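> heads up, no residue letters with this:
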């Protein structure tokens, strides 16, 4: 559980790094301005260096905890499939560290997208391991269980997959470092669907209020943000349908029904935060909270699927 919580906080800290444009504040890796990263003087933790260096240190803590977790599972748990999950988590955290390091060494912003994708996958994996190690997972074997209809399980799986795709779209937007491609909401440059002709894009760039050394926006970035909005609406409708389907199929008092309605609350909050991100001109704290709630929404859907599959298998 500690590993899972620390991973979630690491995603939040990574969001702060991107929100503060601090990703290249430390230009070397694995050292920090020539120092061993664990010996870097505290008085030099200033500006963007604070966020980037803190992110590195917390990532090291997550790597250490993941190593301990994999060893613990291998030595103390008899489930072979769980052993392989522990190894997968260990390999993923190594891959994540390498991706983060290569992004600095090669100065390639696009590496932030796979870096973010692996982070989300790793979060789901560590939380899944924590769930499988929990007392709830073990006690379920002796409980009276009702199986979860296959159609409901498939619906929630596909909505969760769509959330993962949405997070990749969001990561692509964030790591282009072009500010807000669309600066108003619920309209988009005053229209339902904005014009993206070269002349209009040039006028958007001339009128932008957040152009503080940022790259000019392009038609692709405007259209990508519109896709992001449309996918967000689709996900919200999918989660709302999941919650009401769960109540219909499982009953209002069922734990999975309550979890589905919690998911709906998360998605509602996420849409509000998405709007607030635009209205606040990408305020770092609001944008980072938007990232963290997105990760929590993905995690909620994934854990719901795991719990439903476990319950259905035991009920059968």
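Structure's in. What do you need? What you see is a predicted model, and the numbers here were worked out from it, not measured in a lab. Residues are numbered from 1 along each chain as shown.
> what's the one helix or strand residue 275 maps to in contact with?
Assessed by DSSP states H and E, residue 275 sits inside helix 255-279. Residues from elsewhere that reach helix 255-279, judged by Cβ atoms under 8 Å, 6 or more residues apart in numbering: 148, 156, 180, 182-186, 229, 232, 235-236, 239-240, 242-243, 246-247, 250-251, 283, 286-287, 289-290, 293-294, 296-297, 300-301, 303-304, 307-308, 311. C-betas here are computed from N, CA, C, even on glycine.
> Distance from the chain centre to that helix, please.
14 Å (Cα atoms, centre = their mean, to the nearest Å).
> Which is the succeeding secondary structure element to the host helix or strand of residue 136?
Element membership of residue 136, judged by DSSP H and E, is helix 135-139. With elements assigned by DSSP H and E, the helix or strand that comes after helix 135-139 is helix 150-174.
> Need the outlier residue of the chain, farthest from its centre.
residue 199 (35.4 Å; Cα atoms, centre = their mean).
> so how far is the strand or helix carrying it off the chain centroid?
Using DSSP H and E, residue 199 sits in helix 198-207. Relative to the mean C-alpha coordinate of its chain, helix 198-207 is positioned 32 Å out (Cα atoms, centre = their mean).
> what does it rub up against?
Here helix 198-207 has contacts from 189, 194, 211, 216-219, 222, using Cβ under 8 Å, 6+ apart.
> how about that helix: buried residues?
201, 204 (16 or more other Cβ atoms under 10 Å).
> any idea of the mean pLDDT in that helix?
Helix 198-207 comes out with an average pLDDT of 84.
> Could you list every helix and strand in contact with the helix or strand just after it?
Counting by DSSP H and E, the element after helix 198-207 in chain order, helix or strand, is helix 219-250. Using 3 or more Cβ pairs under 8 Å, 6 or more residues apart in numbering; DSSP states H and E as the contact test, the elements touching helix 219-250 are helix 150-174, helix 198-207, helix 255-279, helix 284-315.
> Okay, now the unreliable bits of this structure?
Scanning the chain with the threshold set as pLDDT under 70 gives 22, 141-143, 177-179, 208-214.
> how does it divide into domains?
Using automatic domain parsing, the domain parsing of the chain gives 1-133, 144-316.
> how about the contacts of helix 198-207 in a markdown table, adding distance to residue 126?
Output for the contacts of helix 198-207, formatted as a markdown table (distance: Cβ to Cβ, whole Å):
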| residue | distance to residue 126 |
| --- | --- |
| 189 | 41 |
| 194 | 40 |
| 211 | 40 |
| 216 | 39 |
| 217 | 36 |
| 218 | 37 |
| 219 | 39 |
| 222 | 36 |
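> Among these, name the buried ones.
For the contacts of helix 198-207, a burial check counting by 16+ other Cβ under 10 Å picks out 189, 194, 217-219, 222.
> Can you tell me how far residue 114 is from residue 77?
30 Å (Cβ to Cβ, to the nearest Å).
> err, residue 99, not the other one
From residue 99 to residue 77 the distance is 29 Å (Cβ to Cβ).
> who's more crowded, those two?
Counted by other Cβ atoms under 10 Å, residue 99 and residue 77 do not tie: residue 99 has more neighbours, with 18 against 14.
> how about the more buried one, what does it touch?
111, 114-115, 118.
> can you check residue 79 too?
residue 132.
> Next, give phi and psi for it.
Per-residue torsions, residue 79: phi -80, psi 110 (degrees, to the nearest 10).
> Next: the one 10 residues further on.
Listed backbone geometry of residue 89 is phi -60, psi -40, with angles given as degrees, to the nearest 10.
> Name the nearest residue to residue 282, sequence neighbours excluded.
Ranked by Cβ to Cβ, 6 or more residues apart in numbering and with sequence neighbours excluded, the top spatial neighbour of residue 282 is residue 180, at 6.0 Å.
> three-state assignment of residue 195?
Following DSSP: H, G, I helix; E, B strand; the rest coil, we place residue 195 in the coil state.
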